[in-house]
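**Student:** mind looking at a prediction? Sequence and model below.
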Amino acid sequence: MDTLGMLETTGLTPAVAALDAMEKAAGIRLLQAEVNDFLGICLKVQGSTDEVALALQAGQELATMLGGQPVTASINRPDKDAWQVIDVPREHNPLIQQDVVWIPQFEATSQSEEESNVAKHAPDALGLIETQGFTAVFQAIDTACKAAQVEVIGKEKLGGGYVTVVIQGDVAAVRAAVDAGQQQVEELGKLIAAHVIPRPSENVLKLLPS
């Protein structure tokens, strides 16, 4: 874990999709994700220098495709004093009523038990629909749920009206639901991003609401 990698995007959906691509591309560990005040989120990952470079490249490519305008950087052997403001504790913002520093939800179990639990409860696919405005996202999630058999995991806000709803289910159902919901957003508000993640990675599952 010699190197710290950072990928910062506009929008939550590009960040989550990038994280999934990063973990599937290289052996990295998610440290935390921190919401900024510019409608975005910064992912902080650790690993060897080569693995972090591979991960950042994969994440940047996908986040760019989703309009996330990603910015990436890496720090080799971060200074211990600088680390105090990089690795920060969980932080809750009462204004938006949710955490703005997200820590992966690691359970107090052995590694083998943890991997078994994640695999057991992992959905076939995750779907994300992100909008600017509540009306559009509420209409979108209702349409999505009526279009296919999916389960709503939760809702996340970044400020500035950016709202993301997350669903899970089998791949075909999630794709159908996201496609249907996306059409509603385009009629009622601004679509930031919509994406389906087949076989979501371990870090994505630990970061999203349980």
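**Tutor:** Cool, got the structure. Residues are numbered from 1 along each chain as shown.
**Student:** every contact and neighbour count from this point should use C-alpha atoms.
**Tutor:** Fine.
**Student:** run through who's touching stretch 44-53.
**Tutor:** Stretch 44-53 is contacted from outside by 1-7, 26-33, 74, 76, using Cα atoms under 8 Å, 6 or more residues apart in numbering.
**Student:** so for it, what gets flagged as buried?
**Tutor:** Across stretch 44-53, burial judged by 16 or more other Cα atoms under 10 Å covers Lys44, Val45, Gln46, Gly47, Ser48, Thr49, Glu51, Val52, Ala53.
**Student:** dump it to PDB, keeping only the CA atoms.
**Tutor:** Taking Å, rounded to 0.1, in the frame of the first residue of the first chain, the C-alpha atoms of stretch 44-53 are listed here in PDB:
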ATOM      1  CA  LYS A  44      -9.200   7.500  -2.400                       C
ATOM      2  CA  VAL A  45      -7.600   4.100  -3.000                       C
ATOM      3  CA  GLN A  46      -4.300   2.400  -2.000                       C
ATOM      4  CA  GLY A  47      -2.000  -0.100  -3.500                       C
ATOM      5  CA  SER A  48       1.300  -0.600  -5.200                       C
ATOM      6  CA  THR A  49       2.400   2.200  -7.600                       C
ATOM      7  CA  ASP A  50       1.800   0.000 -10.700                       C
ATOM      8  CA  GLU A  51      -1.600  -1.300  -9.500                       C
ATOM      9  CA  VAL A  52      -2.800   2.200  -8.600                       C
ATOM     10  CA  ALA A  53      -1.800   3.500 -12.000                       C
END
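**Student:** surely Ile41 is in a strand?
**Tutor:** Yes: assigned with DSSP: H, G, I helix; E, B strand; the rest coil, Ile41 falls within a strand.
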